[in-house]
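Trainee: only geometry, no sequence info:
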């Protein structure tokens, strides 16, 4: 089925290590975003992209980088992992906002990251 | 500071009871969405409301957007165990695709 695919599902990193969380969608959505979910905090936006070649920061961008070379892929890079980045990460996509219409997000199933 | 506050944070009720979940903010939103999330999965969209005062129904779920577009509520009639999950509201500001999520309400319906 069409949707958002995230890999890996689980990851354990040591402090200071780097890694890339992968996200791919096959729905031709222009908009893609990364959220982190922590207990009692809801979902917080890390970075987002409104199309290939265009990215911008969300609420909590520090320690993360993104790029958008294709419409389908939107990887999230952790530059130097810290225990504070232990979280569940979700990638989401949607069609871009049209006049008078806001489309809902399609979410991936998440990556559970632990930094020790 | 969270842009959207949800209450209650936790709710445990018996099957067949009614319940209401609230989503409040001091900011005005162009639209608001409700999602349900089950353990180990991503949130799934339930509804989008865009007009102040709008009411939408999805089977036993009733969603309302406040007149001033600063708040919303989700009412479930005759709750069933299958309604168990984390309910999240998300509001979009006047420009862009960015949705800001609430803190979530964890609902448990006991058979």
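Mentor: Nice, I can see it. Predicted model only: the values in this text are computed from it and were never measured. Residues are numbered from 1 along each chain as shown, chains lettered A, B, ... in the order given.

Trainee: from residue B:45, how far out is the residue in chain A that chain B sits nearest to?
Mentor: Of all residues in chain A, residue A:107 sits closest to chain B, at 3.0 Å by CB to the nearest CB. Every residue, glycine included, has its C-beta placed from N, CA and C. Distance from residue A:107 to residue B:45, counting by CB to CB, to the nearest Å: 9 Å.

Trainee: looking at residue B:27 now. What's its pLDDT?
Mentor: Here the pLDDT value assigned to residue B:27 is 89.

Trainee: how many neighbouring residues does the closest residue to it other than its chain neighbours have?
Mentor: Of all residues not flanking residue B:27 in the chain, residue B:3 sits nearest, at 6.1 Å (CB to CB, 6 or more residues apart in numbering or on different chains). Counted with other CB atoms under 10 Å in any protein chain shown, residues neighbouring residue B:3 total 17.

Trainee: tell me what residue A:7 is bridged to.
Mentor: Beta-bridge partners for residue A:7, by DSSP bridges, are residue A:22.

Trainee: can you verify my assumption that it contacts residue A:111?
Mentor: Yes. Taking CB atoms under 8 Å as the definition, residue A:7 is a contact partner of residue A:111 at 7.4 Å.

Trainee: those two: who's more crowded?
Mentor: Taking neighbours as other CB under 10 Å, residue A:7 and residue A:111 compare with residue A:111 leading, 23 against 12.

Trainee: skipping adjacent residues, who's closest to the more buried one in space?
Mentor: That would be residue A:89: by CB to CB, 6+ apart, it lies 4.7 Å from residue A:111.

Trainee: I'd say that neighbour and residue A:77 touch.
Mentor: No. Residue A:89 is beyond contact range of residue A:77, at 11.6 Å (criterion: CB under 8 Å).

Trainee: what is in contact with these two at once?
Mentor: residue A:21 (CB atoms under 8 Å, 6 or more residues apart in numbering or on different chains).

Trainee: neighbour count: the two, which is higher?
Mentor: residue A:89 (22 against 14).

Trainee: that one and residue A:113, how far apart?
Mentor: In terms of CB to CB, residue A:89 sits 6 Å off from residue A:113.

Trainee: kindly report the same for residue B:41.
Mentor: Counting by CB to CB, the gap from residue B:41 to residue A:113 is 17 Å.

Trainee: show me where chain B has its strands.
Mentor: Here chain B has its strands, by DSSP state E, at B:5-7, B:10-14, B:19-24, B:31-37, B:44-49, B:55-58, B:61-65, B:71-76, B:85-92, B:99-101, B:105-110.

Trainee: reformat those as JSON lines; add mean neighbour count.
Mentor: Listed next are the strands of chain B as JSON lines, based on neighbours: other CB atoms under 10 Å in any protein chain shown:
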{"stretch": "strand B:5-7", "mean neighbour count": "18"}
{"stretch": "strand B:10-14", "mean neighbour count": "13"}
{"stretch": "strand B:19-24", "mean neighbour count": "19"}
{"stretch": "strand B:31-37", "mean neighbour count": "23"}
{"stretch": "strand B:44-49", "mean neighbour count": "18"}
{"stretch": "strand B:55-58", "mean neighbour count": "12"}
{"stretch": "strand B:61-65", "mean neighbour count": "20"}
{"stretch": "strand B:71-76", "mean neighbour count": "21"}
{"stretch": "strand B:85-92", "mean neighbour count": "24"}
{"stretch": "strand B:99-101", "mean neighbour count": "25"}
{"stretch": "strand B:105-110", "mean neighbour count": "17"}
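
Trainee: low pLDDT regions in chain B?
Mentor: B:1-2, B:94-97 (pLDDT under 70).

Trainee: no more questions from me, cheers.
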